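> Sequence and predicted model, in that order:
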Amino acid sequence: MCGIAGIISRNIDLRGERECIYKISRSLKMRGPDAAGEYVERGAALIHRRLAVIDVKNGAQPMSFENLVIVYNGELYNTEEIRQELKNSGYSFETDCDTEVVLKAYHKWKKDCGVHFNGIFAFAVYDKSDGSVFLCRDRIGVKPLYYSYIGGTFAFSSRMESLLYVKGVEPVCDREGLNEIFMLGPAKTIGKTVFRDIKELPPAGYMTFKDGKIQSGVYWKIEAKEFNETELQAQEHTHWLVTDAIRRQLVSDVPLCTFLSGGLDSSIISKIASDCYLDRGEVLNTYSVDYDDNDKYFKKSSFQPNKDSDYINLISDYISSEHHNIVLNNSAVAEALIDAAIARNSPGFTDVDSSLLLFCKEVKKNFTVCLSGECADEIFGGYPWYHRTEILFENTFPWSRSTDIRRSILKDGFLPEGEEYMKNAYSETVKKTDYLDTDSRLEKRMREMFILNMDWFMQTLLVRKDVMSMEASLEVRVPFCDYRIVEYAYNMPWSIKAYDGREKGILRKAFENELPDIITWRKKSPYPKTFNPLYFNEVCKMVDYALSDKSCALYDMLNISAVRELMQNPDSMPEPWYGQLMRTPQVLAYILQIYVWIRKYNIEFDY
């Protein structure tokens with residue numbers, strides 16, 4: 001994995017913008033600490049930071065072929081198939097890296113190249129012959145890509161912060177950005193950011209900038225198709241797709257491990273990975289995360305009926321992995337909220353972010369690549385809101401059903417259009433859903449839920465995983481995001497997907513013969529969070545400081561007394577802010593991260 005950036009301008013001689021280029025490159029260093037490269041001419045600058053994973057000795061970027069120059073971030077999992085197809089068309093190759101394959105695939109197929117790729121990627125190809133640049137992003141949106149077009153200068157980057165160094169791009173948040181933060185956050189609308197001047201290239205999106213004009217499109221979208229398999233065939237097909245995705249993603253020229261929580265998804269990945277390692281006489285390393293004294297303070301709930309730690313050693317012993325349990329200090333998790341917000345360049349998923357950041361830094365001490373189980377829940381119906389009939393058909397986001405808690409912390413009259421903004425975001429997403437004429441009311445709703453979860457909840461988790469892992473210079477791969485699995489699961493009838501009435505039932509059934517029953521049929525448990533009151537106390541101290549800063553614009557947005565009431569009575573919040581993980585400690589931490597973001601980037605507000 002890497003960090004990429006670039007500037008295309010006819011108004012600026014970029015050969016004289018060394019300081020700007022240096023700052024952009026420096027802002028990407030953690031994404032690519034192993035090497036740095038640049039291509040600079042009068043009207044174009046391409047910047048690359050490399051985290052070497054495949055063909056470490058070769059593969060330096062920017063890479064050129066004829067009139068084309070590429071900067072590329074990601075991994076292709078069908079590299080050899082594409083390489084062979086290109087060889088059959090007369091292309092030759094000088095390296096073993098996938099960068100060269102992507103570059104020559106673009107040379108052959110131009111804007112249709114993305115259709116041929118199976119992987120996680122974001123890349124840009126500059127054409128010296130006409131001064132154009134082509135951007136492209138993977139189907140699911142695992143790898144980020146942002147852009148701006150201000151005053152005749154087009155720029156792009158793996159990080160929003162990098163673009164703030166480009167002339168004309170200002171750290172301004174308008175009403176739309178405020179609604180994204182307070183009404184939708186930590187999720188966000190695809191294509192938008194919290195900065196007025198910065199946009200996101202959507203998943204499966206491509207874009208060409210030429211002669212001051214932007215042309216964009218998508219090369220893939222989920223389509224409804226007939227499902228003609230029996231339940232047994234679906235089990236076998238699911239098993240094959242998931243296994244093939246995991247095996248493809250085990251390719252690496254540097255040390256690789258897996259995250260292992262003791263849940264179904266990470267156990268499947270670790271089991272398949274361990275089998276592959278044992279076949280070649282090696283032992284897989286697995287990692288889990290916990291917190292100081294969590295056993296002492298753990299409280300059961302309907303969302304989290306048991307602790308991961310009760311299952312991790314069981315599955316590690318079963319698959320014969322060398323397991324490492326990282327125990328995080330609660331004060332450090334609170335302090336890392338600041339680093340996590342800065343890494344994300346925006347307020348984020350609070351301690352769900354900061355704990356992952358600290359965890360990845362520990363893993364990075366011994367490994368460069370790991371596999372993780374994100375996204376199975378969105379794809380295979382793993383969340384409670386898929387199964388609670390009393391909320392399934394509600395006309396709103398199921399993980400954020402009300403704006404009441406959001407509205408309660410804001411000053412009266414602030415963002416009066418907020419509820420309408422949220423409702424419109426929901427409606428526009430549902431409109432994207434593709435149905436069959438034969439779909440029942442339930443099947444139509446499950447397709448809508450699939451799209452809602454993929455475009456919102458899954459994107460939040462993918463941004464979290466990419467940003468926090470890359471901030472630690474660790475590459476994390478997510479096999480369940482293989483687009484073949486996504487397409488297949490979208491068209492699987494709910495009666496099969498929810499086998500035996502269970503969340504991720506078909507996935508459980510597909511792998512029941514490869515895992516212990518206690519793992520296969522364990523009730524889903526969310527990402528582990530701290531239950532230690534020390535964390536809450538530390539967050540309250542930090543929030544108290546932020547609330548006392550009357551010179552910060554945030555002070556005029558918040559209902560200060562309501563926020564302090566939350567601090568004093570944390571159990572008074574009637575429902576989570578977002579999903580299962582954001583209750584009072586996380587809401588307070590989110591306020592802190594907004595404050596950090598404003599102060600770090602000197603945010604100006606236009607509302």
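Here it is on my side, so go on.

> And the residue nearest the centre of this protein?
Leu462 (1.4 Å; Cα atoms, centre = their mean).

> What sits closest to that one if chain neighbours are left out?
In space, Leu462 comes closest to Val142 once its chain neighbours are excluded; the distance is 5.5 Å by Cβ to Cβ, 6 or more residues apart in numbering. (C-beta placed from N, C-alpha, C; glycine too.)

> Surely that neighbour and Val476 touch.
No: under the criterion of Cβ atoms under 8 Å, Val142 lies out of contact with Val476, with a separation of 9.1 Å.

> Just give me the neighbour total for Arg445.
The burial count assigned to Arg445 is 17, neighbours taken as other Cβ atoms under 10 Å.

> Show me what secondary structure element comes after the helix or strand containing it.
Using DSSP states H and E, Arg445 falls within helix 441-452. Reading on from helix 441-452 to the C-terminus, the next helix or strand found by DSSP H and E is helix 458-471.

> could you give the angle of that following helix to helix 441-452?
Our comparison of helix 458-471 with helix 441-452, counting by axes from the mean of the first three to the mean of the last three Cα atoms, to 10 degrees, yields an angle of 30 degrees.

> show me where the stretch 101-250 of the chain has helices.
Per DSSP state H, counting those that start in this stretch, the stretch 101-250 of the chain carries helices over the ranges 160-163, 175-179, 231-248.

> Output the below-cut-off pLDDT ranges for the stretch 1-150 of the chain.
Regions of the stretch 1-150 of the chain meeting the criterion pLDDT under 70 cover residues 1, 54-56, 58.

> Helices along the stretch 401-550 of the chain, start to end?
404-408, 418-430, 441-452, 458-471, 483-490, 494-497, 505-510, 517-520, 533-547.

> pLDDT (mean, whole number) over the last one?
Read it as helix 533-547. Summarised as a single mean, pLDDT over helix 533-547 is 96.

> tell me what it is packed against?
Using 3 or more Cβ pairs under 8 Å, 6 or more residues apart in numbering; DSSP states H and E as the contact criterion, the secondary-structure elements in contact with helix 533-547 are helix 330-344, helix 560-568, helix 584-601.

> Now do the same for the nearest residue to Arg247 once chain neighbours are set aside: helix, strand or coil?
Using Cβ to Cβ, 6+ apart and skipping the chain neighbours, the partner closest in space to Arg247 is Cys276 (6.3 Å). Following DSSP: H, G, I helix; E, B strand; the rest coil, Cys276 is assigned to helix.

> for the stretch 301-450 of the chain, which spans come out with low pLDDT?
301-307.

> among the helices of the stretch 401-550 of the chain, which is nearest Thr286?
helix 517-520 (13.4 Å; Cβ to Cβ).

> and for that closest one, what are the contacting residues?
Taking Cβ atoms under 8 Å, 6 or more residues apart in numbering as the criterion, the residues outside helix 517-520 that touch it are 262-264, 267, 311, 314-315, 318, 508, 511-512.

> Can you add secondary structure and give those residues back as a markdown table?
Shown next, in a markdown table, are the contacts of helix 517-520 (three-state DSSP):
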| residue | secondary structure |
| --- | --- |
| Gly262 | coil |
| Gly263 | coil |
| Leu264 | helix |
| Ser267 | helix |
| Tyr311 | helix |
| Leu314 | helix |
| Ile315 | helix |
| Tyr318 | helix |
| Arg508 | helix |
| Phe511 | coil |
| Glu512 | coil |
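
> Quickly name whichever of those residues is closest to Leu415.
The nearest one, if we look at those relative to Leu415 and count by Cβ to Cβ, is Gly263, at 37.2 Å.

> burial count for Phe605?
Phe605, neighbours per other Cβ under 10 Å, totals 16.

> who does the helix holding Arg445 touch, helix- and strand-wise?
So helix 441-452, by 3+ Cβ pairs under 8 Å, 6+ apart, packs with helix 418-430, helix 483-490, helix 494-497.

> Any chance of a markdown table for these, columns mean neighbour count and distance to Val69?
Formatted as a markdown table, the entries for those read as follows, by neighbours: other Cβ atoms under 10 Å; distance: least, Cβ to Cβ, whole Å:
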| stretch | mean neighbour count | distance to Val69 |
| --- | --- | --- |
| helix 418-430 | 16 | 36 |
| helix 483-490 | 19 | 27 |
| helix 494-497 | 18 | 44 |
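
> re the thing from before, tell me how many other residues surround the residue nearest to Leu462.
Based on other Cβ under 10 Å, the number of other residues close to Val142 is 27.

> How about the one 4 residues further on?
Tyr146 has 22 neighbouring residues, counting by other Cβ under 10 Å.

> Pretty sure it sits against Glu161.
No: the pair Tyr146 / Glu161 is not scored as a contact, 9.5 Å apart, by Cβ under 8 Å.

> Now tabulate the helices and strands packed on helix 441-452 in CSV and tack on distance to Pro203.
Putting those into CSV (distance: least, Cβ to Cβ, whole Å) gives the following:
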stretch, distance to Pro203
helix 418-430, 13
helix 483-490, 10
helix 494-497, 22
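
> so which of these gets nearest Glu394?
Counting by Cβ to Cβ, Glu394 lies closest to helix 418-430 out of the helices and strands packed on helix 441-452; the figure is 10.0 Å.

> Just the CA trace of the closest one, in CSV.
The C-alpha coordinates for helix 418-430 follow below in CSV (Å, rounded to 0.1, in the frame of the first residue of the first chain):
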residue,chain,number,x,y,z
GLY,A,418,-30.6,18.8,9.8
GLU,A,419,-33.5,16.2,9.9
GLU,A,420,-34.3,16.9,6.3
TYR,A,421,-30.7,16.5,5.3
MET,A,422,-30.5,13.1,7.0
LYS,A,423,-33.8,12.0,5.5
ASN,A,424,-32.7,13.1,2.0
ALA,A,425,-29.4,11.2,2.4
TYR,A,426,-31.3,8.1,3.3
SER,A,427,-33.8,8.5,0.4
GLU,A,428,-31.2,9.1,-2.2
THR,A,429,-29.4,5.9,-1.2
VAL,A,430,-32.5,3.8,-1.3
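
> If you count contacts, what does that helix end up packed against?
helix 175-179, helix 404-408, helix 441-452.

> tilt between whichever helix or strand Glu85 is part of and helix 231-248?
Following DSSP H and E, one finds Glu85 within helix 79-88. Helix 79-88 runs at 80 degrees relative to helix 231-248, counting by the same axes, to 10 degrees.

> in helix 79-88, what's buried?
When neighbours are counted by 16 or more other Cβ atoms under 10 Å, the buried residues of helix 79-88 are found to be 79, 82-83, 86.

> what does stretch 120-130 give?
With burial defined by 16+ other Cβ under 10 Å, the residues of stretch 120-130 counted as buried are 120-127.

> Pick the most buried one from the helices and strands packed on helix 533-547.
With neighbours defined as mean count of other Cβ atoms under 10 Å, the helices and strands packed on helix 533-547 peak in mean count at helix 584-601, which reaches a mean of 23.

> Show the subsequent helix or strand relative to that one.
Sequence-wise, the next helix or strand downstream of helix 584-601 (DSSP H and E) is strand 604-606.

> So in that sheet, which strands flank that next one, and in what orientation?
For strand 604-606, the paired strands and their directions (DSSP bridges) are strand 172-174 (parallel).

> From the rest of the structure, what touches the strand it pairs with?
By Cβ under 8 Å, 6+ apart, the surrounding residues in contact with strand 172-174 are 181, 194-197, 603-607.
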